[in-house]
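>>> coords please:
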Amino acid sequence: MKNQFLMILLIFIGSVLCTSVAAQSISVTAIENAVKKDGKYAMLVSNARYFQAAVRTGVGLKANNQDMDFEVVLIGPVVKDLATDEGLKSTIEAGKKAGIRIVVCEAAMNYFKLKHKDFHRSIAFTPDGFIYMFGLQESGFKTITL
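Residues are numbered from 1 along each chain as shown. Below you'll find the model as predicted:
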């Protein structure tokens, strides 16, 4: 019994050590170029720094891919920041200019006691950011949460 266990252990260790490890063969540039020019992408964000990064990403992608759909959905504390932080107006304007749809969760608005009039006129609203993201996924959007 002990010899069988030792034999199985040696075979297992030998097979693990003899298995070659393959590195990823696709280059970073090739992966980045795989983003579809007419793709549908969305990012769910909850803080101002990620909001700015999401919009910068969308602006960069849409600069070369005008047919692309790109949305940024805001939940949590960033909703309050968007209504009160004047420094985020340039980010909103950049998103609007690039054709990025920015959608704010009304549940977060209610939590922070905010109204539609507190936001930039280009902002869209959804009753629930999570349900909206599920809808985007069902509509073929590739999504990421930050």
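>>> use CA for all of it now, contacts and neighbours both
Noted.
>>> tell me which stretches of the chain form helices.
Remark: helices assigned in the chain by DSSP state H are 2-18, 28-32, 48-64, 77-84, 89-98, 106-111, 129-138.
>>> tell me what the fifth one is packed against?
This points to helix 89-98. Secondary structure elements in contact with helix 89-98, counted by 3 or more CA pairs under 8 Å, 6 or more residues apart in numbering; DSSP states H and E, are helix 48-64, strand 101-105.
>>> on that earlier part again, just name the most buried of the helices of the chain.
Comparing those by mean neighbour count (mean count of other CA atoms under 10 Å), helix 77-84 comes out on top with a mean of 19.
>>> so what touches it?
If you take CA atoms under 8 Å, 6 or more residues apart in numbering as the criterion, helix 77-84 is touched by 45-48, 51, 88-89, 104-105, 108-109, 112, 114, 118-120.
>>> go on, stretch 57-73?
The contact list for stretch 57-73, computed with CA under 8 Å, 6+ apart, reads 36-45, 51, 54-55, 94-95, 98-105, 129, 133.
>>> circling back to that earlier point, mind putting the helices and strands packed on helix 89-98 into a markdown table with mean pLDDT and distance to residue 73?
Listed next are the helices and strands packed on helix 89-98 as a markdown table, based on pLDDT from 0 to 100; distance: least, CA to CA, whole Å:
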| stretch | mean pLDDT | distance to residue 73 |
| --- | --- | --- |
| helix 48-64 | 95 | 9 |
| strand 101-105 | 98 | 5 |
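>>> dump those to CSV, plus distance to residue 79.
Shown next, in CSV, are the helices and strands packed on helix 89-98 (distance: least, CA to CA, whole Å):
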stretch, distance to residue 79
helix 48-64, 9
strand 101-105, 7
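>>> show me where the protein dips below the pLDDT cut-off.
Judged by pLDDT under 70, the chain has its weakly predicted residues at 1-24.
>>> sorry, back to before: next, format the helices of the chain as TSV and append distance to residue 70.
Compiled in TSV, the helices of the chain are given as follows (distance: least, CA to CA, whole Å):
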stretch	distance to residue 70
helix 2-18	44
helix 28-32	16
helix 48-64	6
helix 77-84	18
helix 89-98	9
helix 106-111	20
helix 129-138	11
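>>> having no further points to raise, I will conclude here.
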